[in-house]
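Student: need coordinates for the below:
(one chain, ligands or ions: 3)
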Amino acid sequence: MRVEVQAGSPESVESDVLAAPLLAAKELTGPVAALNGRLGGLLERLAEQGELTGRLKTAPLFHLDGELKANRLALAGIGAREAVDADALRTAAGTLAREARGYARSIAWLLDDSLPLSPAEQARAIVDGTFLGSYDPGRWKTEPAPERLESLAIVSDDEAVGEAARRAGVVAEWANRARDLANAPPNELTPEGLADRAAEVAAGGSPHLSVEAPGLTEIRELGMGAFAAVAQGSHNPARLIVLRYEPPQARGDVVLGLAGKAVTFDTGGISIKKPAYMEDMKGDMAGGGAVIAAVGALAELECPLQVVGVVGATENAVGGGAFRPGDILTAMNGKTIEIINTDAEGRLVLADVLPYARQLGATHLVDFATLTGAMERALGDFYAGVFANDSEWRTLVVESGEASGDHAWPWPLHPRYRRYVDSDYADLKNSNIRSQGVPVLAAEFLHEFAGEGPWAHVDMAGTGFFTWPRHDYLWQRGGTGYGVRLICELADRLAAAA
Ligand code: BES
Ligand code: MN
Ligand code: ZN
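Tutor: Numbers count the residues shown, from 1 in each chain. Ligands and ions are numbered 1, 2, ... in the order given. Prediction:
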């Protein structure tokens, strides 16, 4: 989808749909009030009749033959003024995009200066909602749903609005590519399949982007005994996917390290999962998919920051060669791990991926992982949980989440939790039969492998892949692209601070 910015009056915009945000309020405001005047009080009358409510997730369309250059007018509800935020605009835009994508080629949005968001913030949210809300997960149907939306215009003459809209379009397009990765079936998106997609991303344009994806022999040679143990049960060989983005204009002393869990299918291994919804464990690579897509986005945006993305791609399979409870593994940093539960495999992959990201020069590290079902139970589908060894870094991650729509909420690390992963036989164990503090235990485990310097862990088990849709602009089941928007915002802020 193209993103355009058009100057001009509402009457002069040529588009299949002209859209404006509508508050749930007695008085019409901003562009809606202006249009009402132009249309002889029609919108006021429709509001009085209850046809225009401004409620979230309503976007009634009106045909106004000849009154406007646009073919239709849509007034998308953003709810009560006190509750208006970027998510309300995303939801309004997503509702309209979902409705209009079957028949409209173009949508043009008017902004409202009276809202508590700047025009640039409004534009960004509208782009997010339109791109993410028009996404169709049914790519594997022999007759895919019609998709005709080709262009999205924001009506504005403000250069900052144009810049925000274009940037948001690039980021959201990559978020949708991350969704494609998460939704791809596990027989298609094997670890090698994911490595091939990463290679396509690296080949896609930027001369400063490179990729390599060594297999199990090299993973073993690097001493990655934890990652290798998870990988050993599958006939689909593992890949260690490394993406480097090294733009010439970046300063030399800051490298953003992005670590991703990419378990292309998590059966649980010998500690096998129950069957209900096990098919959704194809989405257990959503963290790694987000890292790959985000690096692609940063390269396309020419973000002036060095980035290294390290993604551990493997299946967690059942089989004669699978690792078992009781096994003791040695990770690449030399620490030994007793296996209690083979379903706690993501932390084992990251135990080797995190030190490797440090070895490759990451000064500021953040990992993305669908790590614990307990995080989904705790925070549901809206906030991911963030843990960090550095409160400034955690704050930057949380604020990047808020600003981007990939919401994240701070969670604690504390030395007292370390005993949850104390083992009688090894340096630590990967799980605990007690079901207390599962997400915290997992984070405390990762902490042992985070190395020196700021590190944050984002547990996106609830936000990365939806078993049940969220009924806002992310109304689809499956991959959400969570993390791509957050990473792009974080990189921007880190580049600006550096
Ligand atoms: N991939 C799962 C976590 C998960 C569950 C993500 C549901 C998304 C939705 C992870 O590998 C896992 O199985 N975690 C276990 C940990 C337990 C064995 C300590 C879990 O959460 O049950
Ligand atoms: Mn698991
Ligand atoms: Zn898993």
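
Student: and the helix or strand where Gly162 lies, what does it pack against?
Tutor: Remark: Gly162 resides in helix 159-183, with elements defined by DSSP states H and E. Other elements packing on helix 159-183 under the criterion 3 or more Cβ pairs under 8 Å, 6 or more residues apart in numbering; DSSP states H and E are strand 2-6, helix 119-133, strand 151-155, helix 286-300, strand 478-479, helix 484-497. In short, each C-beta sits where N, CA and C put it, glycine included.

Student: show me what from the stretch 151-300 of the chain comes close to ligand 3.
Tutor: Along the stretch 151-300 of the chain, the residues adjacent to ligand 3 under the rule Cβ under 5 Å from the ion are Val263, Asp266, Asp284.

Student: find the closest residue to ligand 3 in the stretch 301-450 of the chain.
Tutor: Per Cβ to the ion, Gly346 is where the stretch 301-450 of the chain lies closest to ligand 3, at 4.5 Å.

Student: from Gly321, how far out is that residue?
Tutor: In this structure, Gly346 lies at 20 Å from Gly321, with Cβ to Cβ, to the nearest Å as the measure.

Student: between these two, who's got more neighbours?
Tutor: Set side by side, Gly346 and Gly321 show more neighbours around Gly346, with 27 against 11, by other Cβ atoms under 10 Å.

Student: my guess is the more buried one contacts Thr370, does it?
Tutor: Yes: counting by Cβ atoms under 8 Å, a contact exists between Gly346 and Thr370, whose distance comes to 7.0 Å.

Student: shared neighbours, the two?
Tutor: By Cβ atoms under 8 Å, 6 or more residues apart in numbering, Gly346 and Thr370 have these common neighbours: Lys261, Val263, Asp284.

Student: would you say the second one is within a strand?
Tutor: It refers to Val263. Yes: secondary structure assignment places Val263 in a strand (DSSP: H, G, I helix; E, B strand; the rest coil).

Student: once you drop chain neighbours, what's closest to it?
Tutor: Asp284 (4.1 Å; Cβ to Cβ, 6 or more residues apart in numbering).

Student: the one you found: what secondary structure?
Tutor: Secondary structure assignment for Asp284 (three-state DSSP): helix.

Student: wait, what's in contact with it?
Tutor: Counted by Cβ under 8 Å, 6+ apart, Asp284 has contacts Lys261, Ala262, Val263, Thr264, Phe265, Asp266, Asn316, Gly346, Thr370, Phe465.

Student: quick revisit: so which of the helices and strands packed on helix 159-183 is the most packed in?
Tutor: Each of these was given a mean neighbour count from mean count of other Cβ atoms under 10 Å, and the largest, a mean of 30, is that of helix 286-300.

Student: what helices and strands are in contact with that helix?
Tutor: Against helix 286-300 (3+ Cβ pairs under 8 Å, 6+ apart) you get helix 159-183, helix 191-203, strand 209-212, strand 239-245, strand 255-266, strand 306-316, strand 364-369, helix 484-497.

Student: quick one: secondary structure of the nearest residue to Ala229 once chain neighbours are set aside?
Tutor: In space, and not counting its chain neighbours, Ala229 is closest to Phe323: 4.1 Å by Cβ to Cβ, 6+ apart. Three-state assignment for Phe323 (three-state DSSP): coil.

Student: could you report the neighbour count for Phe323?
Tutor: Burial of Phe323, expressed as a neighbour count using other Cβ under 10 Å, amounts to 21.

Student: please report phi then psi for it.
Tutor: phi -70, psi 160 (degrees, to the nearest 10).

Student: in contact with it, which residues?
Tutor: Residues Ala229, Val230, Gln232, Gly233, Gly269, Ile270, Leu329, Ile339, Thr342 are the ones in contact with Phe323 under the rule Cβ under 8 Å, 6+ apart.

Student: same thing with Ala164?
Tutor: Residues in contact with Ala164, defined by Cβ under 8 Å, 6+ apart, are Ala120, Glu121, Ala123, Arg124, Val127.

Student: how about Val353?
Tutor: Contacts for Val353 (Cβ under 8 Å, 6+ apart) come out as Phe227, Leu240, Ala259, Gly260, Lys261, Val310, Val311, Gly312, Asp367.
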